[in-house]
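Enquirer: Got a sequence here, can you build the structure:
(2 chains)
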Amino acid sequence: MRVAYYPGCSVHGMARDYGESIGLVCKRLSISLDEIEDWNCCGASAAHSIDHALAIGLGARNLALVERMGLGCVVTPCSGCFSRLTAAAYEFGRSDALDNEIEGRLAAPLPRDVEVLHLLQLMIDSVGLDRIAAEVARPLQGLRLAAYYGCLLTRPTQVTRFDDPEQPTSLDRLLRALGTETVDWSHKAECCGAGFAASETDIVLELGGQVLESARDAGAEAIVVACPLCQTNLDTRQQAMKNRSGKDFDLPVVYFTQLMGLAFGFSPKALGMRRLLVDPQSKLRAMGIR
Amino acid sequence: MTVGVRRPFMIGRGGALQLEVQAALGFDLDQCLECGKCSGGCSTGAMFDYTPRKIVQLVKLGAEDTLLHMDALSICVGCGLCHDRCPAGIDVAAILDYFRGKARAQAIRLTRSDVELFNRLFLNRVRTHGRISELPLMVRFNIGSKRYFKDYGLGKKLLLKGKLRLIGPRVRDKASLRRLFEGSAAVTPLPRPAPATQLEAAPEAGKGE
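Expert: The predicted model follows:
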């Protein structure tokens, strides 16, 4: 399977561990990820919060590059990027004025026929759980996980068209195919604080803290994410939460592709797991995974 | 899901502001049932000065000044719960985006200057480099916000973990980026605030439940 790949800025920076695990897992599943040549940042929450046309334009430029590659589908592992790229694709054809403005800024026709998929969506809908289960060499039995979807992977429904907006199950099903247990919990599709990591850190401590607390109370040993922003907010702020409220969650926050890689037999090191701040390796060693 | 519920006494009563928002965003605020599902689900609603349901009412009341100055503009996380739960298909986050853009175009500052600073630095970096690299952005943010040591310890840890790059990648086709930003007010710095003109209480809308 060959698809265009939009990694997003995080996967080339803070989330390079996500990128490392994505590379290994996709190769094992014979998915060829063709990174878009010269892609630009999706604009994240900053662009759409101030300038709608700019936000759609940033997405449109990336989709136009996909079209130029001769591919009809682009995959991204980041929920933030996914949200912005799907929003751009969704807007095309809804308002002549906006269409014309975007075409003017692009100096090219709108890329109307590019499908945008999140990597998790590709795994569930195109690869399939049977195929993934068939690759499992080391079932992760006895691991209790909280599958965390965050806010932008499934919302708004009419734009993302993936899973249930508030009670999603796709990641739970994928994790169970790897042999793990998943817990029922209240905050699987709540927001972690998103783009306020730097500017209003207190909001992240509050919202992220609620997510971690809810996962811990449900008995999870780790949180599994499909977005570098969720990972960063939940992993890197646990120390600050401990300093502020005395709550020591000590919950590793791992990417779903890292767990797929573990189940497929790759080492934690190859999957970038030593880069996580809350270290999952003692838990993994207890399971005999090195 | 949009249901065709109409409130007979409200039809056609929309003032200029309501009509303006509806034309820009493509949904009908007369269909708001005032059920409050948006406020109930809101991630940061407990911190808002005006909750999502009230924001819809403020638009219907034509309370533009309040809408342009409210704290909710700064701290909406854009999680989309209000939109997804709304039985009338109203996207409150889009209303906030609309007024944030309008405030920006009128050089009205957000209540939280750090959010504004971060957004501007972020988009400036996208305009000049095409991509975001965490470390240069954070350094600029700390300098701009005069909190020079914010997240210093965390940054050191991330550097040791190999998660921060000193030099970020760039987009080669700069001309295409510049075209995307043409005419956008998003990256122009706002003029310095005039003293003591901030946040005069809006007379036309009451606060509190």
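
Enquirer: For chain B, which residues score under the pLDDT cut-off?
Expert: Scanning chain B for pLDDT under 70 picks out B:1-13, B:192-209.

Enquirer: need the helices for it, in chain order.
Expert: For chain B, the helices defined by DSSP state H cover B:16-25, B:37-41, B:52-61, B:64-69, B:72-75, B:81-85, B:92-105, B:113-129, B:134-144, B:152-160, B:174-181.

Enquirer: can you put the ones you listed in CSV and add mean neighbour count and distance to A:Pro109?
Expert: The way it works is simple: take the backbone N, C-alpha and C, and place the C-beta from them, glycine included. Below are those laid out as CSV (neighbours: other Cβ atoms under 10 Å in any protein chain shown; distance: least, Cβ to Cβ, whole Å):
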stretch, mean neighbour count, distance to A:Pro109
helix B:16-25, 15, 24
helix B:37-41, 20, 37
helix B:52-61, 23, 35
helix B:64-69, 20, 36
helix B:72-75, 26, 35
helix B:81-85, 25, 29
helix B:92-105, 22, 26
helix B:113-129, 21, 23
helix B:134-144, 17, 33
helix B:152-160, 14, 42
helix B:174-181, 17, 14
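
Enquirer: any chance of those helices in JSON lines, plus distance to chain A?
Expert: Below are the helices of chain B laid out as JSON lines (distance: least, Cβ to the nearest Cβ, whole Å):
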{"stretch": "helix B:16-25", "distance to chain A": "9"}
{"stretch": "helix B:37-41", "distance to chain A": "8"}
{"stretch": "helix B:52-61", "distance to chain A": "14"}
{"stretch": "helix B:64-69", "distance to chain A": "13"}
{"stretch": "helix B:72-75", "distance to chain A": "6"}
{"stretch": "helix B:81-85", "distance to chain A": "5"}
{"stretch": "helix B:92-105", "distance to chain A": "5"}
{"stretch": "helix B:113-129", "distance to chain A": "4"}
{"stretch": "helix B:134-144", "distance to chain A": "5"}
{"stretch": "helix B:152-160", "distance to chain A": "6"}
{"stretch": "helix B:174-181", "distance to chain A": "4"}
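
Enquirer: out of those helices, which comes closest to A:Leu54?
Expert: Across the helices of chain B, A:Leu54 has its closest neighbour in helix B:174-181 (6.4 Å, Cβ to Cβ).

Enquirer: so what does that closest one touch, helix or strand wise?
Expert: With contacts taken as 3 or more Cβ pairs under 8 Å, 6 or more residues apart in numbering or on different chains; DSSP states H and E, helix B:174-181 sits against helix A:52-68, helix A:96-106, helix B:113-129.

Enquirer: ok, now how distant is B:Gly144 from B:Lys150?
Expert: Separation of B:Gly144 from B:Lys150 (Cβ to Cβ, to the nearest Å) stands at 11 Å.

Enquirer: Chain B contacts on the stretch 151-290 of chain A?
Expert: A:151-152, A:155-157, A:165-166, A:190-191, A:193-196, A:198-201, A:203, A:207, A:236, A:239-240, A:274-275, A:277 (Cβ under 8 Å from any Cβ of the partner chain).
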